[in-house]
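> here is the input, now give the coordinates:
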Amino acid sequence: MKNKFVRNWDFNPTGLRVLIIVVLLLGIFFRFGNLDKKVYWFDEAFTSLRLSGYTEAEVVQQLSQTPMVGVEDLQKYQRINPDKGLKDTIISLALEDIQHPPLYYLIARFWMQLFGNSITASRSLTALISLLALPCLYWLCLELFNSSSVGWIAIALMAVSPFHVLYAQEAREYSLWTVTILLSSVAFLKALQFNKKKSITRKVSAWGIYAATVSLGLYTFPFSALVTFGHGVYIWIVGRFRFTQALSAYSLAVLSSFITFIPWILVLINRSSQFDKTLGWTNLAMSRLAWIRIWSRSISCSFIDFNVDSRTPWGISLVFGVLFLLLFTLICYAIYFLIRTSSKPTWLFIITLIAVTGLAVVLPDLIIGGRRSTTARYLIPCFLGIQLAIAYLLAKKLSLINLNFRKKKLWQSVAIALFLGGVLSCIASYPAEGWWHKSMSYSIPQAGRIINQASQPLVVSDASVADLLSLSYYLEPKVKLQLEPRCYTCHINSQVEDKPNLSNVTEGFNEIFLFKPRPSAAWLQALNQEQNYTVQPLYKGENGVLLWKLTR
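You can find the predicted model right below:
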């Protein structure tokens, strides 16, 4: 895709080249350093459960029928099981986690078979996949802007992007989704180029490659359909709302991709009731103030992220509020500058990448309520589009010959500030056990340390399976557990009254702990009425008390 500002476009200042190389090396370091430091949280525990081939229902049934279990009994459901194969992983997803297609999980299962079941092993796969996004982003910049300068700045921004680094260390599919978004975008632009040529073979091959990347995206994360729809909107607008040859070829490619996705479409249809079970939380009401605060963090976390939340002192929050306004202003200007100075096909592609997914996620929240758009990982296409706009702005401003010295210094300072903001954000999160994207499990490592201090501890719990599996990573072998686990993705015990069951606690332990993250009001009320034990709150985490001590 040719850009009308190619002249005087590429630049080669030594200082900036060195800075970008240093930033890239730091990005690699942040992705692979301290891989096992952050809590192996709720969602990641589900990843390992699916890889093991077990369903959550099987875990609930087996643990509920066992009077007492050890840590190894829980870890059994976090390891590759020779008695369970790829088919069992797919079945586990199809029965209980339909919003997660199987591509990443099949790759991860092979990876774990090669490198083991440790936290480091499971996260190293996504860290490696996240590195693939860098050349893909560079390639996309070449297709859009015909400029290596934009590409180098874009990959430098992504390398130390706090958001991308956080999810590079997450044993989930979102780094792979980022790669498939970029690959399908490149394949789409290439297909449009070949569509203008006379060779039928080249046209078919180009659109076939695009269809394959779309299929990979769909089997990675269903929101890939929004990115693909955005490509269709782009062709429709560029073609002046006519059914052009390009639109026809695009339609056939997308149709073939969705045909390959039919097996999982049938799963989505047949198990549609699971959406309420696993995604019901996205419909929960949220105050406009909280919505704006989280949205502000989501927008800024691609460039700067110091884990600012409702618990942060107001003075610090005010400082970061000002920084967000400056960053938001820069983003708006970058989009304006992109539209004003680049060719229509270039800016339209980036705008559709941002707008289609953004509107699809945000509008339901505004119209019917909910918190879908506060989930930053759903907005990855938007973040990529914003990073492309910022990279274009910086490359253009730093390369213009007719820009006066003072303005060039200003834009050099902006570029350095963005790189520095990303690096400092990554430094801040590097040693942390938890960050905002793991808020459900922030406090589990400390709860485990408290339990481990007892010489002969018993943990009593009716927590969800994923919370218990997460806790198992932080318990010593001496710890025993008496469990009545609750389902999150299955339907066993759905009619059981929400209250702690302390009537049959095993005797003979010098310390008994009650573990329940995020207890409901009804559960807490029942606990306060407990007659058999004196209940002492022992540890209050980020989401309230989750650990109590029981004494006769």
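> mind listing what's buried in stretch 315-330?
Going by neighbour count (16 or more other CB atoms under 10 Å), the buried part of stretch 315-330 is Ser317, Phe320, Leu323, Phe324, Leu327, Leu330. Using the backbone N, CA and C atoms, a C-beta is placed for each residue, glycine as well.
> tell me the SS of the second one?
Look at Phe320: counting by DSSP: H, G, I helix; E, B strand; the rest coil, its state is helix.
> now it, nearest residue through space, not along the chain?
Counting by CB to CB, 6 or more residues apart in numbering, Val308 is the residue found nearest to Phe320 once chain neighbours are left out, at 4.8 Å.
> tally of neighbours for the closest residue to Arg371 other than its chain neighbours?
Nearest non-adjacent residue to Arg371, counting by CB to CB, 6+ apart: Met286, 4.7 Å away. The tally of other residues near Met286 (other CB atoms under 10 Å) stands at 16.
> who's in contact with the residue nearest the centre of the chain?
Central residue check for the chain by CA atoms, centre = their mean: the C-alpha nearest the mean position is that of Arg377, 4.0 Å away. Residues counted as contacts of Arg377 (CB atoms under 8 Å, 6 or more residues apart in numbering) are Tyr167, Arg172, Tyr174, His437.
> isn't Lys478 up against Gln453?
No: between Lys478 and Gln453 there is no contact under CB atoms under 8 Å: 10.9 Å.
> the more surrounded of the two?
Neighbour count, other CB under 10 Å: between Lys478 and Gln453, Lys478 has more, with 13 against 9.
> circling back to that earlier point, out of the contacts of Arg377, which are inside helices?
Mapping the contacts of Arg377 onto helices (DSSP state H) picks out Tyr167, Tyr174.
> so can I have a markdown table of the contacts of Arg377 showing neighbour count, pLDDT and distance to Pro431?
Output for the contacts of Arg377, formatted as a markdown table (neighbours: other CB atoms under 10 Å; pLDDT from 0 to 100; distance: CB to CB, whole Å):
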| residue | neighbour count | pLDDT | distance to Pro431 |
| --- | --- | --- | --- |
| Tyr167 | 22 | 98 | 18 |
| Arg172 | 22 | 98 | 22 |
| Tyr174 | 24 | 98 | 23 |
| His437 | 22 | 94 | 16 |
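> which among the contacts of Arg377 gets closest to Met68?
Checking the contacts of Arg377 against Met68 by CB to CB gives Arg172 as the nearest, at 31.9 Å.
> any idea how far Ser122 is from the closest one?
10 Å (CB to CB, to the nearest Å).
> what sits in contact with each of the two?
Common neighbours of Arg172 and Ser122 (CB under 8 Å, 6+ apart) are Glu44, Thr47.
> mind giving me the packing neighbours of the helix or strand harbouring Leu363?
According to DSSP states H and E, Leu363 maps onto helix 344-368. Applying 3 or more CB pairs under 8 Å, 6 or more residues apart in numbering; DSSP states H and E, we find helix 344-368 packed against helix 119-145, helix 174-195, helix 224-238, helix 314-341, helix 380-399.
> if we go to 10 Å?
Here helix 344-368 touches helix 119-145, helix 174-195, helix 224-238, helix 288-300, helix 314-341, helix 380-399, going by 3 or more CB pairs under 10 Å, 6 or more residues apart in numbering; DSSP states H and E.
> buried ones in the third one, by neighbour count?
Read that as helix 224-238. Ser224, Ala225, Leu226, Val227, Thr228, Gly230, His231, Gly232, Tyr234, Ile235, Trp236, Val238.
> what angle sits between that helix and helix 174-195?
30 degrees (axes from the mean of the first three to the mean of the last three CA atoms, to 10 degrees).
> same check on the fourth one?
Computed by the same axes, to 10 degrees, the angle separating helix 288-300 from helix 174-195 equals 60 degrees.
> in helix 288-300, which residues are buried?
Applying 16+ other CB under 10 Å to helix 288-300 flags Trp291, Arg293, Ile294, Trp295, Ser296, Arg297, Ser298, Ile299, Ser300 as buried.
> hmm, the second one is touching Asp309, no?
This points to Arg293. Yes: with contact defined as CB atoms under 10 Å, Arg293 counts as touching Asp309 (7.9 Å).
> point out where the stretch 1-150 of the chain drops to low pLDDT.
Residues of the stretch 1-150 of the chain that meet the criterion pLDDT under 70 lie in 1-13.
> try it again with 90
1-19, 82 (pLDDT under 90).
> just say helix, strand or coil for Asn307.
Quick answer, by three-state DSSP: Asn307 is coil.
> that older thread, what's the separation between the residue nearest to the centre of the chain and Phe223?
Computed as CB to CB, the Arg377 to Phe223 distance reads 9 Å.
> need the residues touching each of those two.
Both Arg377 and Phe223 are contacted by Trp177, under the criterion CB atoms under 10 Å, 6 or more residues apart in numbering.
> hang on, Arg50 packs against Ile90?
Yes: with contact defined as CB under 10 Å, Arg50 and Ile90 form a contacting pair (9.0 Å).
> more crowded one of these two?
Arg50 (26 against 20).
> from the contact counts, what lies against whatever helix or strand that one lives in?
Secondary structure assigned from DSSP H and E places Arg50 in helix 42-52. Applying 3+ CB pairs under 10 Å, 6+ apart, we find helix 42-52 packed against helix 56-64, helix 71-75, helix 86-96, helix 103-115, helix 119-145, helix 465-472.
> winner for burial among those?
Highest mean neighbour count among the helices and strands packed on helix 42-52 (mean count of other CB atoms under 10 Å): helix 465-472, with a mean of 27.
> what pairs with the helix or strand just after that one, parallel or antiparallel?
Next helix or strand after helix 465-472 toward the C-terminus (DSSP H and E): strand 480-483. Counting by DSSP bridges, the strands paired with strand 480-483 are strand 69-70 (antiparallel), strand 457-461 (parallel).
> looking at the buried residues of stretch 315-330, which is nearest Pro364?
Closest to Pro364, out of all of the buried residues of stretch 315-330 and judged by CB to CB, is Phe324, at 24.1 Å.
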